[in-house]
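From the sequence below, what's the structure:
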Amino acid sequence: MTTYIVFLIFLALLFDFLNGFHDSANSIATIVSTRVLSPQKAVLWAAFFNMLAFFVFGHHVAKTMGKGIIDIHIIDNHVIFGTLAGACLWNLITWYFGLPTSSSHALIGGLIGSGLVKAGPAALVSAGITKTVTFIFISPMVGLILGIAFGVAVSWIFKKLSPYQIDGFFRKGQLFSAALYSLGHGGNDAQKTMGVIASLLFSAGLMGKEFEIPLWVGIACYLAIGLGTMFGGWRIVKTMGQKVAKLRPMDGFCAESGAAATLFLSSSLGVPVSTTHTITGAIMGVGSLRRVSAVRWGMAGTIVWAWILTIPCSATLSALSYLFAVRFF
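Okay, the predicted model is just below:
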C-alpha cells in the first residue's frame with residue numbers, strides 16, 4: 001500500500017468525520033431544541049447509536065456508492081482525491097454558513113465531478129445517479145409525510161392527556177426516537193465513505209477480483225462518523241432546531257420517528273439518501289400540523305436552494321481538485 005493510498009484513506013476518514021460533524025445537527029437538533037438533553041449529552045447519545053449501526057445494517061449503500069455512481073474501472077487515486085477534497089470543501093463552506101446541506105450528495109457530486117474530468121460522460125452510471133437524484137425530492141417528502149402521519153396519530157392517541165402529561169411522556173420518548181434516528185443516520189451515511197475507500201482499494205488491486213467491503217474499513221468509518229458527531233456542528237444545530245420550526249418534545253418525537261423510518265427503508269434498499277433532507281422534511285411536516293405559519297418557509301427555501309446547489313458545486317470543486325492532483329501529485 002503506497003503512501004498516497006494511505007493518505008487518501010485518511011482523507012476519506014476525515015470526510016467521514018466532517019460528515020458526522022456537519023450532520024450531527026440532524027441527530028441532535030430536535031432533542032436539544034426541546035431541552036430533553038443538553039448539547040453535550042445529546043452528541044454522546046447520537047454518536048453511540050451512530051457507531052452501533054455497524055452491527056445493524058448491511059453494506060447495500062456502500063456498494064451503491066462504490067460502483068453505482070461512476071464506472072469503477074476509471075477510478076484511480078486522483079479521482080478519489082478530487083472526490084474527497086471537493087466534498088470536504090463543500091461541507092466546510094456550508095457548515096460556516098450554518099446550512100444543513102447533504103454530505104452524501106457532496107460526496108456523490110465529488111465522484112461525478114472527478115469522473116467527468118477524467119473520462120467524460122461515459123464514466124457516469126446513469127441508473128445509480130438517477131436513483132440518487134430522484135431521492136433528493138423523495139426523501140424530504142417521505143420524511144414530511146411520515147412526520148405528519150406520526151403527528152396526527154400521536155395527537156389522536158394522547159388526546160385525553162393534559163399538555164403537562166404529554167410533555168413528560170414524550171421527553172422520555174424522544175430518547176428512543178433520537179436513538180433510532182441516529183442509528184439510521186450512521187447506517188446510511190457511514191456506508192458512503194466505506195464505498196469510496198473500498199473502490200480505492202479495488203482500483204489499486206488491493207482487494208482481489210470481487211468488490212467487497214473489508215471489515216476494518218467498516219469499523220474505521222463508523223468510528224470516524226461517531227467521533228465527528230461528538231464534536232457537533234453547532235451552527236447547523238441552531239438552524240435545524242430553531243430556525244425551521246419551534247418544536248415541543250412530542251413534535252421532536254414525531255419528526256425523528258418519521259425520519260428514522262425513512263432511513264431504515266432506504267438503507268435496506270441500498271439508496272444513499274440525504275439524512276439532512278429527511279429530517280428537515282419531517283420537521284417541516286410536524287411544524288405545519290400546528291399551523292402553516294409555524295414553519296419558517298423563508299429559511300426552508302434557503303435550505304432547499306442549498307440542496308439543489310450541492311451536487312453541481314461539489315462536482316465543480318472536485319473537478320478542480322482532480323486537476324490539481326494530476327498536476328502536482
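
Could I get the CA-only coordinates of stretch 115-133 as PDB?
In PDB, the C-alpha atoms belonging to stretch 115-133 read as follows (Å, rounded to 0.1, in the frame of the first residue of the first chain):
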ATOM      1  CA  GLY A 115     -15.300  11.200 -13.200                       C
ATOM      2  CA  LEU A 116     -16.400  13.700 -15.800                       C
ATOM      3  CA  VAL A 117     -13.000  15.400 -15.900                       C
ATOM      4  CA  LYS A 118     -11.100  12.100 -16.300                       C
ATOM      5  CA  ALA A 119     -13.300  10.200 -18.700                       C
ATOM      6  CA  GLY A 120     -16.200  12.300 -19.800                       C
ATOM      7  CA  PRO A 121     -20.000  11.400 -19.600                       C
ATOM      8  CA  ALA A 122     -19.300   7.800 -20.400                       C
ATOM      9  CA  ALA A 123     -17.800   7.500 -16.800                       C
ATOM     10  CA  LEU A 124     -21.200   8.100 -15.200                       C
ATOM     11  CA  VAL A 125     -23.500   5.300 -14.200                       C
ATOM     12  CA  SER A 126     -26.900   6.800 -15.100                       C
ATOM     13  CA  ALA A 127     -29.000   4.300 -13.200                       C
ATOM     14  CA  GLY A 128     -27.300   5.000  -9.800                       C
ATOM     15  CA  ILE A 129     -27.200   8.800 -10.400                       C
ATOM     16  CA  THR A 130     -30.900   8.900 -11.400                       C
ATOM     17  CA  LYS A 131     -31.900   6.900  -8.300                       C
ATOM     18  CA  THR A 132     -29.900   9.200  -6.100                       C
ATOM     19  CA  VAL A 133     -31.100  12.500  -7.700                       C
END
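
Could you give the separation of that stretch from the chain centroid?
Centroid separation between stretch 115-133 and its chain, computed with Cα atoms, centre = their mean, to the nearest Å, is 20 Å.

and what of stretch 248-267?
14 Å.

ditto for stretch 34-50
The answer for stretch 34-50 is 17 Å, by Cα atoms, centre = their mean.

Now do the buried residues in it.
Across stretch 34-50, burial judged by 16 or more other Cβ atoms under 10 Å covers 34, 36, 37, 39, 42, 43, 45, 46, 47, 48, 49, 50. In this view, the C-beta of every residue, glycine as well, is placed from N, C-alpha and C.

In a markdown table, list those along with pLDDT, distance to residue 56 and secondary structure.
Shown next, in a markdown table, are the buried residues of stretch 34-50 (pLDDT from 0 to 100; distance: Cβ to Cβ, whole Å; DSSP: H, G, I helix; E, B strand; the rest coil):
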| residue | pLDDT | distance to residue 56 | secondary structure |
| --- | --- | --- | --- |
| 34 | 75 | 26 | coil |
| 36 | 82 | 23 | coil |
| 37 | 81 | 22 | coil |
| 39 | 74 | 25 | helix |
| 42 | 81 | 21 | helix |
| 43 | 80 | 20 | helix |
| 45 | 88 | 16 | helix |
| 46 | 84 | 15 | helix |
| 47 | 84 | 15 | helix |
| 48 | 89 | 13 | helix |
| 49 | 89 | 9 | helix |
| 50 | 84 | 11 | helix |
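
which one among those residues gets closest to residue 193?
Comparing these against residue 193 with Cβ to Cβ picks out residue 50 as the nearest, at 12.5 Å.

and residue 291, what pLDDT?
On pLDDT, residue 291 comes in at 65.
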